[in-house]
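Chemist: No letters, just coordinates:
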């Protein structure tokens, strides 16, 4: 009641606020109640529900690959058909893999994302942050988006001595980072 009264001009009967995280806190200061000052207020907030291609369900998740896919489709406007779900599923599975956390021998998901993005942020920055959350990358190849999470992948080719051209030296150089 206090909330709707205080913001009556904004919160009309047509206001829905769906898909938007919101918190309203109003405190009446009293030295009798808070002798050490106003308390620090914290919230446990779960973000938006995202479509998970592994289960074909829309759920709340901390999985950076699933969140990245949702961001591309929902906010960047990428058509679902232009998402390589096979790569996003593989990346999501890497993120959800349980890893040991020493010394207590507990386990947790390999990668999670827990944070806030703002509407005025550059989408490239958000994509980069989601990729960093899974130590991975997101690639647009042709008209398809692919996701890769940071994990060991065994080599698909082995270079043997007979693969070298006689008398030629092989040099391996790091590829410089590309601007975009």
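Modeler: Good, I have the coordinates. Worth saying up front: this structure is predicted, and the values here are computed from it rather than measured. Numbers count the residues shown, from 1 in each chain.

Chemist: Tell me which residues touch residue 100, please.
Modeler: Residue 100 makes contacts with 106, 107, as judged by CB atoms under 8 Å, 6 or more residues apart in numbering. (Each C-beta comes from the backbone N, C-alpha and C, glycine too.)

Chemist: Provide the strand pairings for the helix or strand where it lies, with the direction of each partner.
Modeler: Counting by DSSP states H and E, the element that carries residue 100 is strand 98-101. If you go by DSSP bridges, strand 98-101 pairs up with strand 106-109 (antiparallel).

Chemist: Can you name the residues in contact with the next helix or strand after the partner strand?
Modeler: Counting by DSSP H and E, the element after strand 106-109 in chain order, helix or strand, is helix 123-133. With contacts defined as CB under 8 Å, 6+ apart, helix 123-133 is touched by 64, 67-68, 71-72, 75-76, 111-113, 115, 117, 137-138, 147, 180.

Chemist: All the helices of the chain, residue numbers only.
Modeler: When assigned using DSSP state H, the helices of the chain occupy the ranges 2-6, 64-71, 85-96, 123-133.

Chemist: what packs against the third one?
Modeler: Counting contacts by 3 or more CB pairs under 8 Å, 6 or more residues apart in numbering; DSSP states H and E, the secondary-structure elements packed against helix 85-96 are helix 64-71, strand 144-148.

Chemist: Which positions in it come out as buried?
Modeler: By neighbour count on 16 or more other CB atoms under 10 Å, the buried set for helix 85-96 is 85, 87, 88, 89, 90, 91, 92, 94, 95, 96.
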